[in-house]
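Visitor: Any chance you could fold what I've pasted below:
(one chain, ligands or ions: 1)
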Amino acid sequence: MYNVEEIRKDFPVLRQMIHGKPLVYFDNAATTQKPQCVLDVILKYYQEDNANIHRGVHTLSERATRKYEEARECIQKFIHAKCKYEIIFTKGTTESINLVAHSYGGSQLQPGDEIIISHMEHHSNIVPWQFLCEQKKCILKVIPINSRGEILLEDYKNSLSSKTKIVSITHISNVLGSVNPIKEMIALAHERGAIFLVDGAQAPAHTRIDVQDLNCDFYAFSSHKMLGPTGVGVLYGKEKYLEIMPPYQGGGSMIRQVSFEKTTYADLPYKFEAGTQAIAGVIGLAEAVRYLTALGLENIENYEKKLLSYIENKILEIPEITVLSQALKKSSILSFVYKGVHAHDIATILDHEGIAIRAGHHCAMPLMSHLGVDASCRASLALYNTQDEVDSFVEGLKKVKEVFKSVIT
Ligand code: PMP
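Guide: Predicted coordinates:
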């Protein structure tokens, strides 16, 4: 049985009042809250084990190194990667994508080669490819979406050619919540000899990831969106690609031998982990993964599905609201606009009710202009949200009408 009230007890931040009202945290697509066990392992690490890793022979360094490397194995199992050295720790999804664009793209692409993204990408999955296109004289192609907020697969198939070298698509849209058919898209890219990167920022807290089953070449995600701390992320990459990629940054830890004449690099995964890593963050991420695994991703997914359909039905009580996505496969994100009222005003009114939502362009400006809006509101749910919170949210939205009654026609 999924007991959300028990689960909520694990998240201390949720036990607070904002403007005299219980906090309703619906900004989970931006970052999730952290359970006590994650906070505890970070504190324990600093209190008992803090040392730099891989370099020291003293006990603290050995302990810190063991925990850091155990975290790598934990992530490997979580996403079902073949080997632990296919897990590279980064700062987050953004750095993971930049790493691939810079290192794989910079070394493997030729002028005239094509990179495919979609119309629903986050800036993190647009701008690094623009850098690469500029640097290597490659061409960026963008697949359109339909009015429901789904990628047009026929257009995707038609865009693929022998010139396509990289496809980089979000698993779940951070604005629309659309769950893209990435397994099918990956197979199609491979038929054309292109490699496929999945921007997984919005996925691992909501659905099970199996990189071998997906057969993706790279999968990028962020700790802070899956109950872990900020400043840490993961790049999964197939060994055969990571092996041929040059290092992304130079510095300590990533070398085998350095001389002024020539430097040789460390093996995977260290070749891509230059400098002192976010050790406590990595250990915290592994604890978040243990927490998610103990709850069961299938249980979380089923619970969130019910909560999403509850919020989608409830919001129909407010005729002034238009929901931006009708995708048939959707994760727990609800973006909407309110007739005649700016998204920031709605978010401010809701904040006074203790409700945290996101308003703006959600780092997806091209998508917003495609949708014909400059800003939208986004309520994004997580495993600890409840139907009562949805009710408070809808009641809060009804207050918007009272405040703006003179301008809403
Ligand atoms: N891609 C998507 C789909 C996202 O939602 C986000 C975060 N909003 C990112 C990439 C970037 O993640 P981060 O800021 O953690 O690097």
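
Visitor: Now A274. Nearest residue, chain neighbours left out?
Guide: Nearest residue to A274 in three dimensions, chain neighbours excluded: G251, at 3.7 Å (Cβ to Cβ, 6 or more residues apart in numbering). For glycine as for every other residue, the C-beta is placed from the backbone atoms N, C-alpha and C.

Visitor: Now I139: phi and psi?
Guide: The phi/psi pair for I139 (degrees, to the nearest 10) reads phi -120, psi 130.

Visitor: should've said E239
Guide: phi -50, psi -40.

Visitor: just checking, H342 touches C377?
Guide: No. Using Cβ atoms under 8 Å, H342 is not in contact with C377, being 9.6 Å away.

Visitor: what residues are shared contacts of the two?
Guide: A359 (Cβ atoms under 8 Å, 6 or more residues apart in numbering).

Visitor: Which one's more surrounded, those two?
Guide: C377 (27 against 15; other Cβ atoms under 10 Å).

Visitor: which non-adjacent residue is nearest that one?
Guide: A343 (4.7 Å).

Visitor: The ligand contacts on the stretch 51-200 of the chain?
Guide: G92, T93, T94, H122, S124, N125, T170, N174, D199 (Cβ under 6 Å from any ligand atom).

Visitor: I'd like to know which of these are part of strands.
Guide: T170, D199 (DSSP state E).

Visitor: Could you export the residues of the stretch 51-200 of the chain next to the ligand as JSON lines, including pLDDT and neighbour count?
Guide: As requested, these are exported to JSON lines (pLDDT from 0 to 100; neighbours: other Cβ atoms under 10 Å):
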{"residue": "G92", "pLDDT": "98", "neighbour count": "24"}
{"residue": "T93", "pLDDT": "98", "neighbour count": "26"}
{"residue": "T94", "pLDDT": "98", "neighbour count": "21"}
{"residue": "H122", "pLDDT": "97", "neighbour count": "21"}
{"residue": "S124", "pLDDT": "98", "neighbour count": "22"}
{"residue": "N125", "pLDDT": "98", "neighbour count": "26"}
{"residue": "T170", "pLDDT": "98", "neighbour count": "29"}
{"residue": "N174", "pLDDT": "97", "neighbour count": "27"}
{"residue": "D199", "pLDDT": "98", "neighbour count": "29"}
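
Visitor: Could you break the protein into its assigned domains?
Guide: 4-27+296-408, 38-293 (automatic domain parsing).

Visitor: Deepest in the core, which of those domains is it.
Guide: domain 38-293 (a mean of 19; mean count of other Cβ atoms under 10 Å).

Visitor: and the residue of the stretch 251-400 of the chain found nearest the ligand, which of the three is it?
Guide: Going by Cβ to the nearest ligand atom, the ligand is nearest to C363 of the stretch 251-400 of the chain, at 5.7 Å. Of the three states, C363 takes coil under DSSP: H, G, I helix; E, B strand; the rest coil.

Visitor: one step back: I'd assumed A375 was in contact with the residue nearest to C377.
Guide: Yes. A343 is within contact range of A375, at 4.1 Å (criterion: Cβ under 8 Å).

Visitor: Distance of the residue of the stretch 251-400 of the chain closest to the ligand relative to Y2?
Guide: 31 Å (Cβ to Cβ, to the nearest Å).

Visitor: where does the residue of the chain most remote from its centre land on pLDDT?
Guide: The outermost residue of the chain, judged against the average C-alpha position, is E261 (40.5 Å), by Cα atoms, centre = their mean. Reported pLDDT at E261 in the predicted model: 96.

Visitor: same question, T409
Guide: 60.

Visitor: Poorly predicted segments of this structure, please.
Guide: Across the chain, residues meeting the criterion (pLDDT under 70) sit at 408-409.

Visitor: quick one, longest helix in the chain?
Guide: Counting by DSSP state H, the longest helix found in the chain is helix 59-79.

Visitor: Contacts made by it with the rest, please.
Guide: For helix 59-79, the external contacting residues (Cβ under 8 Å, 6+ apart) are 45, 48-56, 81, 83-84, 86-87, 89, 204, 209-211, 219, 234, 236, 269, 277, 279, 282-283, 285-286, 289-290, 292-293.

Visitor: swap in stretch 11-20?
Guide: 8, 22-23, 25, 33-36, 39, 351-354, 356, 384.

Visitor: what about that stretch, how long is it end to end?
Guide: Here the two ends of stretch 11-20 are set 19 Å apart, with distance taken as Cα to Cα, to the nearest Å.

Visitor: now A71: how far from G233?
Guide: 13 Å.

Visitor: what does K262 give?
Guide: Counting by Cβ to Cβ, the gap from K262 to G233 is 31 Å.

Visitor: quick one, strands of the stretch 151-300 of the chain?
Guide: Counting by DSSP state E, counting those that start in this stretch, the stretch 151-300 of the chain has these strands, from start to end: 164-170, 195-199, 218-222, 233-237, 255-258, 263-265.

Visitor: Good, we can wrap up now.
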